[in-house]
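Asker: Pasting a predicted model and its sequence here:
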Amino acid sequence: MADAEIKILDNGPFLVSGSISLTDGKGEKCDTTKQPLALCRCGASGNKPFCDGYYHGKVNFQAAERAK
Ligand code: FES
């Protein structure tokens with residue numbers, strides 16, 4: 001059983017829960033205590049790497065992948 005789960009939201013962020021380590025491009029650790037984490041995948045968030053809950057709708061981000 002995995003320690004972490006990543007859920008892909010249609011037209012929105014990745015929801016991440018469980019025991020993970022998240023670091024930025026400089027190697028600085030991000031706070032992962034508030035879960036689930038919503039990681040932006042539209043690229044428009046004002047709070048990257050996290051989804052701000054707003055801009056993916058504002059930019060009409062479209063993605064609804066399905067498991068194969
Ligand atoms: S996925 Fe929500 S702002 Fe990018």
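Answerer: Looks like it arrived, so ask away. Numbers count the residues shown, from 1 in each chain.
Asker: Which positions in the chain make contact with the ligand?
Answerer: Residues of the chain that fall close to the ligand, judged by Cβ under 6 Å from any ligand atom: 12-13, 40-42, 44-45, 51-52, 55-56. Every C-beta, even on glycine, is put in place using the N, C-alpha and C of the backbone.
Asker: Which residues does the spatially most central residue of the chain form beta bridges with?
Answerer: Against the mean C-alpha coordinate of the chain, by Cα atoms, centre = their mean, the closest residue is Leu39 at 1.5 Å. Leu39 forms beta bridges with Phe14, Phe50, as assigned by DSSP bridges.
Asker: So Gly12 versus Lys58, what's the distance?
Answerer: From Gly12 over to Lys58 the distance is 12 Å, taken as Cβ to Cβ, to the nearest Å.
Asker: Looking at the two, which is more packed in?
Answerer: Between Gly12 and Lys58, counted using other Cβ atoms under 10 Å, Gly12 has the larger neighbour count: 18 against 10.
Asker: correct me, but the more buried one touches Tyr54?
Answerer: No - with the criterion set as Cβ atoms under 8 Å, Gly12 and Tyr54 do not qualify as a contacting pair; they are 10.7 Å apart.
Asker: what sits in contact with each of those two?
Answerer: Here Gly12 and Tyr54 have no joint contacts, going by Cβ atoms under 8 Å, 6 or more residues apart in numbering.
Asker: neighbours around the nearest residue to Gly46 once chain neighbours are set aside, how many?
Answerer: When the adjacent residues along the chain are set aside, Gly46 lies closest to Asp52, with 5.0 Å between them (Cβ to Cβ, 6 or more residues apart in numbering). One way to gauge burial is a neighbour count; for Asp52, by other Cβ under 10 Å, it gives 15.
Asker: Surely Leu37 is in contact with Asp31?
Answerer: No - under the criterion of Cβ under 8 Å, Leu37 makes no contact with Asp31, lying 9.0 Å away.
Asker: No more questions from me, cheers.
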